[in-house]
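Chemist: Any chance you could fold what I've pasted below:
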Amino acid sequence: MSNHNGTIFMPSVLILIGIPGLESVQFWIGIPFFTMYILSLFGNCLILVIIKSERSLHEPMYLFLAMLGATDIALSTCILPKMLGIFWFHWPEIQFDVCLFQMWLIHTFQGIESGIILAMALDRYVAICNPLRHATIFTHQLLIQIGVAVSLRAAIIMAPCLILIKCRLKHYRTTVVSHSYCEHMALVKLAADDIRINKTYGLFVAFSVLGFDIIFITLSYIQIFITVFNLPQKEARLKAFNTCIAHIFVFLEFYLLAFFSFFTHRFGFHVPPYIHILLSNLYLLVPPLLNPVVYGVKTKQIRDRVSKMFFSKDTS
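Modeler: Next comes the predicted model:
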């Protein structure tokens, strides 16, 4: 219902247009996105099955990897079915409250993934810099506590975003969201009310979660590199460094995409909108696709298990 000044009061339905400027080719864009989704589901489910079935992999590094895989499955599943509904079947409508819930889920899973990557960095730090205490520090009880803590941190810190939109933003200039999913700033910018508090809290969330995590991850790997380079045996240095390569790649892939998408969305005023949206989509779809590939290639135990599952011949 519109009021006298042309704004819309508390809309019940929003319209997601997909990728603005590329509407005519969205059907074809959906094909590689769907392929990425299926491959990421297969890869992460395979990682979960391998870690669950192989008792030798019930160690902190692999259990964190299982948490990461489960988060990647949930994150990509939050975004892609609705996105493909827009691209392939022209179903742009979404209930306002459902859109808010999707926004909360997406950003919550992003925060959980960031927290798990931080936990993996700390695990490698203790394993390399203080190996004798690693087993006593990273117990299964601590792993459960870390999983619960990073999940609650992300869920709780994102909750005020829902409240600020639902309770403070009553009037909207339009119900058309120039995005392919319900992203926080894409929703906030629809409002005709004062959005400064919403924007400020969005920045606070980004820097308090991603910024906090990236600082401690960087410090952990700096200390790891110092320790590795001071090891007397070359073989020991290579082995220690090799265990961190996959983690470093996942760390760079996640945060480089995150910050590039974040800054172009908020400060890249001269960047075409479709670039913003494509970067946002890739930020959510590429890590779930690449993470199982990276760990499958760089982790010998997982690589051997995959080879045994798919390539071993029946000798009976």
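Chemist: what's the model's confidence in the helix or strand where L48 lies, averaged?
Modeler: Secondary structure assignment for L48, by DSSP states H and E: helix 26-53. Mean pLDDT, helix 26-53: 93.
Chemist: Distance from that helix to the middle of the chain?
Modeler: 14 Å (CA atoms, centre = their mean, to the nearest Å).
Chemist: Buried ones in that helix, by neighbour count?
Modeler: Residues 26, 29-30, 33-34, 36-37, 40-41, 43-44, 46-48, 50-51 are the ones in helix 26-53 that count as buried (16 or more other CB atoms under 10 Å). (Each C-beta comes from the backbone N, C-alpha and C, glycine too.)
Chemist: On the three-state scheme, the closest residue to H107 other than its chain neighbours is what?
Modeler: Counting by CB to CB, 6 or more residues apart in numbering, the nearest residue to H107 once its immediate chain neighbours are dropped is M158, at 5.0 Å. At M158, secondary structure determined by DSSP: H, G, I helix; E, B strand; the rest coil is helix.
Chemist: Could you tell me how many residues sit around M158?
Modeler: By other CB atoms under 10 Å, the residues close to M158 number 22.
Chemist: Reduced to three states, what does the most centrally placed residue in the chain come out as?
Modeler: What sits nearest the mean C-alpha location of the chain, by CA atoms, centre = their mean, is Q110, with 3.8 Å. When classified by three-state DSSP, Q110 comes out as helix.
Chemist: Is it correct that it is in contact with A74?
Modeler: No. Applying CB atoms under 8 Å as the test, Q110 and A74 come out as separate, 10.7 Å apart.
Chemist: in this structure, which ranges drop under the pLDDT threshold?
Modeler: Applying pLDDT under 70 to the chain picks out residues 1-5, 236, 240, 261-269, 312-316.
Chemist: go with 80
Modeler: Within the chain, the segments meeting pLDDT under 80 span 1-6, 230-244, 257-271, 296-300, 309-316.
Chemist: For the residue nearest to the centre of the chain, which non-adjacent residue is spatially closest?
Modeler: L75 is the one closest to Q110 (CB to CB, 6+ apart), at 6.9 Å.
Chemist: count of neighbours near the one you found?
Modeler: Under the neighbour criterion other CB under 10 Å, L75 is assigned a count of 23.
Chemist: hey, where'd the helices end up in the protein?
Modeler: Using DSSP state H, the helices of the chain run over residues 26-53, 60-89, 96-129, 134-137, 140-168, 184-188, 196-206, 212-229, 234-267, 273-298, 300-310.
Chemist: which residues touch the last one?
Modeler: Contacting residues not belonging to helix 300-310 are listed as L46, I47, I50, E54, S56, L57, Y62, Y295, G296, V297 [CB atoms under 8 Å, 6 or more residues apart in numbering].
Chemist: could you check the angle helix 234-267 makes with that helix?
Modeler: Put simply, helix 300-310 runs at 80 degrees to helix 234-267, going by axes from the mean of the first three to the mean of the last three CA atoms, to 10 degrees.
Chemist: Show me which parts of helix 300-310 are buried, residue by residue.
Modeler: Q301, I302, R305, V306.
Chemist: Pull out the CA atoms of that helix and give them to me as CSV.
Modeler: C-alpha atoms of helix 300-310 as CSV (Å, rounded to 0.1, in the frame of the first residue of the first chain):
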residue,chain,number,x,y,z
LYS,A,300,47.3,-37.2,1.0
GLN,A,301,44.9,-39.1,3.3
ILE,A,302,41.8,-37.7,1.5
ARG,A,303,43.4,-38.1,-1.9
ASP,A,304,44.2,-41.8,-1.1
ARG,A,305,40.7,-42.4,0.2
VAL,A,306,39.2,-40.9,-3.0
SER,A,307,41.5,-43.1,-5.1
LYS,A,308,40.5,-46.2,-3.2
MET,A,309,36.8,-45.4,-3.5
PHE,A,310,36.7,-44.6,-7.3
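Chemist: I'd like the distance from that helix to the chain centre, please.
Modeler: How far helix 300-310 lies from its chain's middle: 26 Å, per CA atoms, centre = their mean.
Chemist: And for the fifth one?
Modeler: Computed by CA atoms, centre = their mean, the separation of helix 140-168 from the middle of its chain amounts to 14 Å.
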